[in-house]
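# Sequence and predicted structure below; questions after.
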Amino acid sequence: MKTIEAIIERAEDGTFDVYCTKEIFSGVGRTIEEAKHDMQEQMAFYKKTAKEEGFKYPAFLDEPFEINYTIDSLSLMKYYVESGVFSLAGIEKMTGINQKQLWSYLHGTKPRKVQRSRITAGFEKLRKELNAFLA
């Protein structure tokens, strides 16, 4: 089974973009789920149109494949804070970065490299803890 690598990013207008790293497909949506769905619809439309028009298309579209999504820590943080799953207080506990600073990152201030690393490390620790719980 082929694995497709895709990146999820938060756009300036608040929407999410999803794009493949080595394929031509992409999608956009108000949520991560919408963006993923849009990209998958684009893949299906491309295949259908190529078949109808007699064009060549990527062979993996005829077989089962999976998409491995990667998202940057700031986009992840913004998505889960806005959806109400995480709070700034909770993220402060995970990262050691005060809520006021986290709020500014959610609203356009670009964190320094060390701060981005702390946010990423906080989410990585949470991921490991959840994986241990689910195992």
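In hand now; what should we look at? Numbering: from 1, shown residues only.
# Spit out the contact partners of the nearest residue to M94 once chain neighbours are set aside.
The shortest distance from M94 to any non-neighbouring residue, by Cβ to Cβ, 6 or more residues apart in numbering, is to G122 (3.6 Å). No exception for glycine: its C-beta is placed from N, CA and C like everyone else's. Counting by Cβ atoms under 8 Å, 6 or more residues apart in numbering, G122 makes contact with I91, M94, T95, G96.
# what about G122, distance to F86?
10 Å (Cβ to Cβ, to the nearest Å).
# okay, the residue nearest to M94: pLDDT?
pLDDT, G122: 93.
# L102 versus that one, what's the distance?
From G122 across to L102, the span is 10 Å (Cβ to Cβ).
# Need the residues touching each of those two.
Both G122 and L102 are contacted by I91, T95, under the criterion Cβ under 8 Å, 6+ apart.
# quick one: which helix or strand includes the residue nearest to M94?
helix 113-134 (DSSP states H and E).
# What of D13?
Going by DSSP H and E, D13 is not in any helix or strand.
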